[in-house]
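S.K.: here is a sequence together with a model predicted from it:
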Amino acid sequence: MPSNTGMLSNQEFLDFFFEASLNGWVGNAPEVILSEMPGFKVINYPKYGWAKMKGWFYRNAYSVNRETKMSAGFTNIWKDGEHQFIAGYGGHYPKEAIDFLKEALRDAYHRKTFVGGRARAYENRDYRYKMDPLTHPYPQLILPEEFFLQGTAVTQFSGTEVIVDIKLKKIVGWHNCWCASIF
């Protein structure tokens, strides 16, 4: 059996994930455009980028199609140059729901609730956010959902998040989301 000496702990990962996420897109961090990723906006945390690769490094990149307004993106996390985590999301949110989406995610990150890197549920007077986890085809490979909700385990996750306009009683935006740790 391999030794786990020097292996990354879930708590160490989660501490960095929440710090980086709060200082990323939901924190309105500066976005850069990279020539090798046309159409994408990129947020790095810490801001020094790839050059140092000592300690933790977070990169969130997303794009929005100008014609369809569909969006997609991904988040990657490395520690000491070793890839540890990847998450992806794609769907559509209207511009008027983006601030609420940031609010819902920011709330989850402040509460240190890990649901595949997104939020579980959140509501204000205008909108309601909800994540519906998908049933994994091989449930023996992943931990039960309640571990994700308690923020104690990071393995694999997939689900669909929606934002509902409360007054209209209508879904106004959604993303399919997934993540996997590789530590």
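M.R.: Thanks, I have it. Residues are numbered from 1 along each chain as shown.
S.K.: kindly list the longest helix within the protein.
M.R.: helix 95-110 (DSSP state H).
S.K.: for it, what is the average pLDDT?
M.R.: For helix 95-110, the mean pLDDT works out to 96.
S.K.: for the chain, just list every one of the strands.
M.R.: All strands of the chain, identified by DSSP state E, fall at 40-45, 56-64, 71-79, 82-92, 121-123, 127-133, 156-165, 170-181.
S.K.: pLDDT on the first one, on average?
M.R.: What that stands for is strand 40-45. 94.
S.K.: quick one: that strand to chain centroid distance?
M.R.: Relative to the mean C-alpha coordinate of its chain, strand 40-45 is positioned 13 Å out (CA atoms, centre = their mean, to the nearest Å).
S.K.: what does it rub up against?
M.R.: With CB atoms under 8 Å, 6 or more residues apart in numbering as the test, strand 40-45 has contacts from 19-20, 23-25, 29-34, 57-63, 73. The C-beta positions use only the backbone N, C-alpha and C, and glycine is treated the same way.
S.K.: could I have the CA atoms of it written out in CSV?
M.R.: In CSV, the C-alpha atoms belonging to strand 40-45 read as follows (Å, rounded to 0.1, in the frame of the first residue of the first chain):
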residue,chain,number,x,y,z
PHE,A,40,-11.4,33.6,-22.5
LYS,A,41,-11.1,35.8,-19.5
VAL,A,42,-8.6,34.5,-16.9
ILE,A,43,-8.2,35.1,-13.2
ASN,A,44,-5.1,33.8,-11.4
TYR,A,45,-4.6,33.7,-7.7
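S.K.: quick one, what contacts residue 26?
M.R.: Residue 26 makes contact with 102, 105, 106, 109 under the criterion CB under 8 Å, 6+ apart.
S.K.: and of the residues you listed, the nearest to residue 15?
M.R.: Residue 15 has its nearest neighbour among the contacts of residue 26 in residue 109, at 11.4 Å by CB to CB.
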